[in-house]
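# Sharing a sequence plus its predicted fold:
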Amino acid sequence: MFNVSREFAPPFSLIAPFFVLGSIFYLVAAFLLPMFDAHTTHFDIALVGWAHLFLLGFVMMIIFGAMAQLVPVVLEVGHFSVDFYYLIWPFLAIGTIVMVAGFWLAPAVLPYGGLMVLLSMLIFLADTILTLRKVERVSLTVKTVAVTNAFLLLGILVGFAMALGIGVGVGVDITKWLNAHIVLVLGGYVTLTIMGMSLILLPMFGLSHGFDEKPINRSFKIMVGGVLLYLLASLIDWDGLRFVALLTMLVAMGFYLYQIWLIYKTRARKENDIWFKSMAFGYGSLAISVIIGLGALLSGSEHLGLAAVWFLVMGFFTFLINGHLYKIIPFLVWFERYSPLVGKERVPMLAEMYPKKMADYEFWFSAAGVAIAGLGLLVGSDTLFKAGAAFIATGAVFLLTSVRWMLKFGK
Amino acid sequence: MSEKVTKEQVYDAIRKVIDPEVGFNLVEMGLIYDVIIDDDNNVKVVMTLSTRGCPLHQMLTQWVKDAVMTVPGVKSAEVEVVWEPAWNISMADDNVKKALGAL
């Protein structure tokens, strides 16, 4: 018998700021989306600033908050020191704001923001690495956590070097390293982390059992190979190898999608709640992203490339994150406020602890927004893109309101 | 000397323990594999969880222990969590399968 999740529930006051701030950053980023159009390129400094606002302020903030809860669940040991997380969110929040100001207003402050973000991530990495050392049962998810954190470290170091380049003129070839930074962070950390976590969370919430795990094993290895190849291609500056690396990553995503299909087919829990709908849209977006990404790779089109990244980030990452908020926040609130009352009085079920209508509005507005704006990017229509962005902003209002509702439940 | 505690009494007590995620009690979920009661009314519950990394692991086992201790005559309660055989939906009662859409 193994000791599972001994210190599985960090204090509510520790995790709540991650979710509140993450939702606020999401709302702000969503409202700023209409300042772009369907012809923006990924070297546009305004878009780079927005990408950091969204990915650091929302995606990484929520991932880190979720990790405070999930690391013990997936690694089956307690945190080395969960108190480290009290330092992560202030550094990450302030660092993100300063970085965005650096991109948009004053390049000189960029390294300071970068340094704060770097610090927050080093604190996260320190806890994760020290926690990994306690692990006895090395599962695929454990390996995923180890490898992804190595990629995160590399990715943020490359990013920090570029911040120094932009801010104080350190000699860094931005055009050469920007894509490596994107691949290391988005492919090497965010995507691989989601892959590893989903292997735990999807069967847990869907009650799936007895499925074949070979596709995810293959996907994991191929994806790691793809990221490493891309890093090598950046080091030796060889476009042919970059092409092979990106193709490798797309193949990995194909295996991953097949794994998700196997988990879906064996699920015992068939209710189509907000979590399931969010997962369905997220994985649908990933499939679309892979197809468009293949087109972008073969044609070399920046236009298609941006559309592929759009569906990956706004469809896949965002819906997987938001969908899980409706599971994780109620659990934390329930654990804090109701678990001591079990056996003494009636306690609510977790499904009662999120606002169903508001969550549905969030889902439908956001889904429509991602689809419409994505179509706008594909056909080069500014009107469609901005219309979609407006839908996403409306969905973000419902998300923030839902998060507030869940956090106040039973108070 | 107190009366011999029966398995039915113990199962009935554990039926009061609800998994807050799915809303069913642990007995109807099929998570309780066995109940062993010795001559001195020391009770050992052998159970599993629906998933290995269940964040409620410690709480659920404590709730089971507390529930067993409410049965009159029980001297002590012990809970052992096992992973073999792994739980699957076929172990749950029909009402659970039906409610989850698995039937």
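Good, I have the coordinates.

# can you pull the pLDDT of the closest residue to B:G101 other than its chain neighbours?
Nearest residue to B:G101 in three dimensions, chain neighbours excluded: A:K270, at 2.8 Å (Cβ to Cβ, 6 or more residues apart in numbering or on different chains). All C-beta spots, glycine's among them, are computed from the backbone N, C-alpha and C. What the model reports as pLDDT for A:K270 is 86.

# and if you look at B:P55?
At B:P55, pLDDT is 77.

# I'd assumed it was in a helix, is it?
No: counting by DSSP: H, G, I helix; E, B strand; the rest coil, B:P55 is not found in a helix; it is coil.

# wait, doesn't it sit right on A:F331?
Yes: between B:P55 and A:F331 there is a contact under Cβ atoms under 8 Å: 6.9 Å.

# Can you pull the residues that touch both of the two?
The contact sets of B:P55 and A:F331 overlap at A:Q69 (Cβ atoms under 8 Å, 6 or more residues apart in numbering or on different chains).

# Need the residues that contact stretch B:70-79.
Residues contacting stretch B:70-79 (Cβ under 8 Å, 6+ apart): B:2-5, B:9-10, B:13, B:40-45, B:47, B:61, B:64-65, B:68-69.

# Give me the buried entries from these.
Neighbour counting with 16 or more other Cβ atoms under 10 Å in any protein chain shown marks B:5, B:9-10, B:13, B:41, B:43-45, B:47, B:61, B:64-65, B:68 as buried within the contacts of stretch B:70-79.

# Which of those fall in helices?
B:9-10, B:13, B:61, B:64-65, B:68 (DSSP state H).

# Tell me how many other residues crowd the residue in chain A that chain B sits nearest to.
Closest contact between chain A and chain B, by Cβ to the nearest Cβ, is at A:K270 (2.8 Å). Neighbour count for A:K270, taken as other Cβ atoms under 10 Å in any protein chain shown: 13.

# How about the contacts made by A:I321?
Applying Cβ under 8 Å, 6+ apart, the residues contacting A:I321 are A:58-59, A:62-63, A:66.

# Top of the residues you listed by number of neighbours, please.
Ranked by the number of neighbours (other Cβ under 10 Å), the contacts of A:I321 place A:F58 first, at 26 neighbours.

# residue boundaries of the strands in chain B?
Listed in chain order, the strands of chain B (DSSP state E) span B:32-37, B:42-47, B:76-81.

# how about the residues of the stretch 101-250 of chain A near chain B?
For the stretch 101-250 of chain A, the residues in contact with chain B (Cβ under 8 Å from any Cβ of the partner chain) are A:200, A:203-205, A:207, A:209-210.

# Format those residues as a markdown table; extra columns: distance to A:T96 and neighbour count.
Formatted as a markdown table, these follow (distance: Cβ to Cβ, whole Å; neighbours: other Cβ atoms under 10 Å in any protein chain shown):
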| residue | distance to A:T96 | neighbour count |
| --- | --- | --- |
| A:I200 | 28 | 19 |
| A:P203 | 33 | 21 |
| A:M204 | 30 | 19 |
| A:F205 | 30 | 20 |
| A:L207 | 37 | 23 |
| A:H209 | 40 | 17 |
| A:G210 | 42 | 11 |
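
# now, which of the residues you listed lie within helices?
Among these, the members found in helices (DSSP H) are A:200, A:203-205.

# which SS class is the residue of chain A most remote from its centre?
Residue farthest from the centre of chain A, counting by Cα atoms, centre = their mean, is A:K344 at 38.8 Å. A:K344 falls in the coil class when you classify it by three-state DSSP.

# got the contact list for it?
With contact set as Cβ under 8 Å, 6+ apart, A:K344 has no partners.

# Quick one, grab the pLDDT at it.
Confidence score, pLDDT, at A:K344: 77.

# For A:P203, which non-adjacent residue is closest in space?
A:I263 (5.9 Å).

# residues touching A:L27, list them.
A:393, A:396-397, A:399-400.

# I'd like these as JSON lines, with secondary structure and neighbour count appended.
Output for the contacts of A:L27, formatted as JSON lines (DSSP: H, G, I helix; E, B strand; the rest coil; neighbours: other Cβ atoms under 10 Å in any protein chain shown):
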{"residue": "A:A393", "secondary structure": "helix", "neighbour count": "21"}
{"residue": "A:A396", "secondary structure": "helix", "neighbour count": "27"}
{"residue": "A:V397", "secondary structure": "helix", "neighbour count": "16"}
{"residue": "A:L399", "secondary structure": "helix", "neighbour count": "27"}
{"residue": "A:L400", "secondary structure": "helix", "neighbour count": "19"}
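
# Pull the number of nearby residues for A:N322.
28.

# hang on, it packs against A:S402?
No: assessed by Cβ under 8 Å, A:N322 is found out of contact with A:S402, at 9.0 Å.

# Write out the residues of the stretch 251-400 of chain A neighbouring chain B.
The stretch 251-400 of chain A comes close to chain B at residues A:268-271, A:331, A:334, A:338-339, A:342-343, A:347-351, as judged by Cβ under 8 Å from any Cβ.

# Now, of these, which are buried?
For these, buried by 16+ other Cβ under 10 Å: A:268-269, A:331, A:334, A:338-339, A:342, A:347-351.

# quick one, helices of the stretch 151-300 of chain A?
A:174-182, A:192-206, A:214-236, A:239-265, A:274-299 (DSSP state H, counting those that start in this stretch).

# hey, which of those helices is tucked in deepest?
Of all these, helix A:192-206 has the most neighbours on average by mean count of other Cβ atoms under 10 Å in any protein chain shown, namely a mean of 22.

# what packs against whichever strand or helix holds A:W405?
Per DSSP states H and E: A:W405 is located in helix A:382-408. Counting contacts by 3 or more Cβ pairs under 8 Å, 6 or more residues apart in numbering or on different chains; DSSP states H and E, helix A:382-408 is packed against helix A:12-32, helix A:318-337, helix A:356-379.

# Give me the buried positions along that helix.
By neighbour count on 16+ other Cβ under 10 Å, the buried set for helix A:382-408 is A:384-403, A:406-407.

# Give me the mean pLDDT for the helix or strand encompassing A:L47.
Using DSSP H and E, A:L47 maps to helix A:45-54. Mean pLDDT, helix A:45-54: 95.

# From the contact counts, what lies against it?
Secondary-structure packing of helix A:45-54 (3+ Cβ pairs under 8 Å, 6+ apart): helix A:12-32, helix A:85-104.

# now A:V20: how far from A:I97?
For A:V20, the distance to A:I97 (Cβ to Cβ, to the nearest Å) stands at 15 Å.

# and what of A:F211?
As judged by Cβ to Cβ, A:F211 and A:I97 stand 43 Å apart.

# go on, A:M314?
21 Å.

# How about A:A66?
For A:A66, the distance to A:I97 - Cβ to Cβ - is 21 Å.

# now swap in B:L103 and tell me
Counting by Cβ to Cβ, the separation of B:L103 from A:I97 is 52 Å.

# What of A:M116?
Distance from A:M116 to A:I97, by Cβ to Cβ: 9 Å.

# can you check A:K265 too?
Counting by Cβ to Cβ, the gap from A:K265 to A:I97 is 44 Å.

# and what of A:G343?
In this view, A:G343 and A:I97 are 46 Å apart by Cβ to Cβ.

# for whichever residue of chain B sits closest to chain A, what are its contacts?
Residue nearest to chain A within chain B (Cβ to the nearest Cβ): B:G101, separated by 2.8 Å. Counting by Cβ under 8 Å, 6+ apart, B:G101 touches A:268-271.

# change it to 10 Å
Listed by Cβ atoms under 10 Å, 6 or more residues apart in numbering or on different chains, the contact partners of B:G101 are A:267-272.

# Between which two of those is the distance greatest?
Pairwise distances across these peak at 14.1 Å for A:A268 and A:N272 (criterion: Cβ to Cβ).

# give the contact list for A:F398.
A:F398 is in contact with A:27, A:355, A:357-366, counting by Cβ under 10 Å, 6+ apart.
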